[in-house]
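1. Mind folding the following:
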Amino acid sequence: MLLAPWLAFNLSEYDALTANSLARDMQRPVLNPQGNVYTLANLKVELPNLFDGFLPQEWLEVNAQQPLVGLALDFLKVVLFGLPLLLVLWAPRRAFSRETLLLAVPFLLGVAMIVGVSIFSNWPIVLPRYLYPMVPALGLLAGLSALRLFDGRRPAAITFAASSVVLASLWIYLAGKYLVLDIGKSVGIG
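-> Sure, this is the predicted structure:
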């Protein structure tokens, strides 16, 4: 019922339930001028980009080549994905619980949705921004994994603190950089 007005508008405006076909027609000359067919083989190249969902895409495109930004992102990937994986490998009995599944399933379903839509709609829709809402759950999963791996001892607290400091520093640095660029552009400097 909540989607009915949106779907009705799309049907009257685009003759389809969503505007995907219209967007595809508009974007095809830029994104897929050769008319490639998207399969799992294509996605194998693009799927690693899904793990860059810690920052807005605009920031990543410009800053991914900076060594400190790359190092911070790699650290976050190790914490967010490495700790749960380590828990599964090291202590599988402690890894699979209602709590861990509740925190892991949204990300896994998001990846499955992106892969499915990309293949079934034959369109390169694999974008990290679709997984942004799942990052806090991954952070909680990494924290829960650290607590279970280290039995709540000091290494877990150090992991939490280091992750928070790295991510906060990265956001402050990049947000400040873009704020300066935006102000510079608005006054004609940049």
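
2. can we go C-alpha only for contacts and neighbour counts from here?
-> OK.

3. what is the rounded mean pLDDT of stretch 28-45?
-> For stretch 28-45, mean pLDDT is 79.

4. In it, which residues are buried?
-> 38-39, 43 (16 or more other Cα atoms under 10 Å).

5. so how many other residues sit close to V117?
-> Residues contacting V117 under the criterion other Cα atoms under 10 Å number 15.

6. Quick check, it in contact with V111.
-> No - assessed by Cα atoms under 8 Å, V117 is found out of contact with V111, at 9.9 Å.

7. State the next helix or strand along the chain beyond the helix or strand bottoming out on mean pLDDT in the chain.
-> The least trusted helix or strand in the chain, going by mean pLDDT, DSSP states H and E, turns out to be helix 57-63, with a mean of 64. Next along the chain after helix 57-63, taking DSSP states H and E as the criterion, comes helix 67-77.

8. what about that next one, average pLDDT?
-> What helix 67-77 shows for mean pLDDT is 76.

9. other SSEs contacting that helix?
-> Contact here means 3 or more Cα pairs under 8 Å, 6 or more residues apart in numbering; DSSP states H and E; on that basis helix 67-77 packs against helix 154-186.

10. And the average pLDDT for the helix it packs on is what?
-> Taken as a whole, helix 154-186 has a mean pLDDT of 70.

11. Next: stretch 114-126.
-> In this model, stretch 114-126 has an average pLDDT of 78.
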